[in-house]
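J.: Turn this into a structure:
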Amino acid sequence: MAEQSTQSKPNLCHILHPVNIKELVRSWLKEDTPSFDYGGFVVGEQQETAVLLCKSEGVLAGAPFFSAVFQELDCDVHWLREDGDELKPVCNVATVSGKVCNLLLGERVALNVITRTSGVATYARRLKTLAKQANWHGEVAGTRKTTPGFRLPEKYSLMVGGISTHRFDLSSMIMLKDNHIWSAGNVSQAVKDARRVGGFSIKIEVECRTLEEATEAGEAGADIIMLDNFEPQALHRAAQQLKAAYPHIIIESSGGVTESNIIQYMGPNVDVISLSHTTQGYDVVDFSLKILKEGHNPENPLVKDLQ
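T.: Numbers count the residues shown, from 1 in each chain. Next up is the predicted model:
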């Protein structure tokens, strides 16, 4: 049986705009079946029920997207687990009912989504656990290195796993990276120009490769300083100096951080640690969708493998 997390879980699905989900799902379904559904013709329209099975350990995430795939195809989804639950194999996660042609039409699309979203959440949960075990005050965050067309599910899954999404897109926060600074001329000019268009309501973050650049960013009025590709020892020295000079500024560490070394980057003067492995280096969680044979209980199904 699946094990649920002992902590209370907020219902994060309400943060998702239903129109955005619908548009994503329609694009996925159209990509997977751009013309004729030949297999659907073979199986027909009789009503069937399929069970979603989790076959590897992980954190469930992506239920709103999985449901939306089948809702678009006039199928009903009943969840036995919730996003954020920790799953142990083999367990039943949901049932899906509808015309068999539609079950098969949505099957691979829905599985492609939930295996990946659950993989992101599982990796995020491990990072959150490491931060908690280290008694670190800060936030672990993803980055904008997301999969094109899959940003919304990946960012949502980071939240399900318990870590920060960082900025969602280019419009969410102004991040001045090396190319911005080189093009603008210097850190101070880049921050000044960014403040003119961002105003008081948008934070400005500056990616800094040296303590000198970070100090210039602090003097220029940056809200967040990212110390990029600093070794842990140098990171903590620089963070301490910056916090002493600019106590209101958020200090972020990024570059070279992995699950195996992230604890080395946690310190009293580091507020955020971001890493791209959250959306680029995760393992998927193994799910399958299987049609139930008549007369068998969904809790102990004898089913046909549809993969």
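
J.: Might one say that residue 103 is in contact with residue 48?
T.: Yes - counting by C-beta atoms under 8 Å, residue 103 does reach residue 48; the two are 6.0 Å apart. From N, CA and C alone the C-beta is placed, and that goes for glycine too.

J.: if I look at those two, which residues touch both of them?
T.: residue 291 (C-beta atoms under 8 Å, 6 or more residues apart in numbering).

J.: Could you tell me how far the helix or strand hosting residue 191 lies from the centre of the chain?
T.: For residue 191, the element it lies in under DSSP states H and E is helix 187-198. Relative to its parent chain, helix 187-198 has a centroid offset of 30 Å by C-alpha atoms, centre = their mean, to the nearest Å.

J.: helices or strands next to whichever helix or strand comes after it in the packing?
T.: Remark: after helix 187-198, the chain's next helix or strand is strand 204-208, criterion DSSP H and E. Counting contacts by 3 or more C-beta pairs under 8 Å, 6 or more residues apart in numbering; DSSP states H and E, strand 204-208 packs against strand 174-176, helix 178-184, helix 187-198, helix 211-220, strand 224-228.

J.: Which among the ones you listed is found nearest to residue 69?
T.: Closest to residue 69 of the helices and strands packed on strand 204-208 is strand 174-176 (C-beta to C-beta; 33.0 Å).

J.: what lines up beside the closest one in the sheet?
T.: Note on strand 174-176: by DSSP bridges, its sheet partners are strand 204-208 (parallel).

J.: Identify the residue spatially nearest to residue 65, adjacent ones excluded.
T.: residue 113 (4.9 Å; C-beta to C-beta, 6 or more residues apart in numbering).

J.: Please report how far the one you found lies from residue 283.
T.: 16 Å (C-beta to C-beta, to the nearest Å).

J.: Can you show me the helices along the protein?
T.: 18-32, 38-43, 63-71, 100-133, 151-161, 178-184, 187-198, 211-220, 232-245, 277-280 (DSSP state H).

J.: Let me know the angle separating the fourth one from helix 151-161.
T.: In other words, helix 100-133. Interaxial angle of helix 100-133 relative to helix 151-161 (axes from the mean of the first three to the mean of the last three C-alpha atoms, to 10 degrees): 50 degrees.

J.: got the helices and strands packed on strand 204-208 as CSV, with mean pLDDT columns?
T.: Listed next are the helices and strands packed on strand 204-208 as CSV, based on pLDDT from 0 to 100:
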stretch, mean pLDDT
strand 174-176, 96
helix 178-184, 92
helix 187-198, 95
helix 211-220, 97
strand 224-228, 98
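
J.: Tell me, how many residues neighbour residue 193?
T.: 15 (other C-beta atoms under 10 Å).

J.: nearest spatial neighbour of it, skipping sequence neighbours?
T.: That would be residue 184: by C-beta to C-beta, 6+ apart, it lies 6.2 Å from residue 193.

J.: Buried residues, the helix holding residue 191. List them.
T.: Neighbour-count burial for helix 187-198 flags 187-188, 190-191, 194-195 (criterion: 16 or more other C-beta atoms under 10 Å).

J.: Looking at the residues you listed, spot the one nearest residue 239.
T.: residue 187 (17.6 Å).

J.: is it true that that closest one touches residue 220?
T.: Yes - Residue 187 is in contact with residue 220 according to C-beta under 8 Å; the separation is 6.0 Å.

J.: Quick check: neighbours shared by these two?
T.: With C-beta under 8 Å, 6+ apart as the test, residue 187 and residue 220 both reach residue 206.

J.: ok so, going back, now for the helix holding residue 191, which elements pack on it?
T.: strand 174-176, helix 178-184, strand 204-208, helix 211-220.

J.: Would you mind listing the outside residues contacting that helix?
T.: 174, 176, 180-181, 184, 204, 206, 208, 213, 216-217, 219-222.

J.: Among these, the buried ones, what's the ChimeraX command?
T.: To isolate the buried members of those in ChimeraX, using 16+ other C-beta under 10 Å:
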select :174,176,180,181,184,204,206,208,213,216,217,220,222
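
J.: Many thanks, we can stop here.
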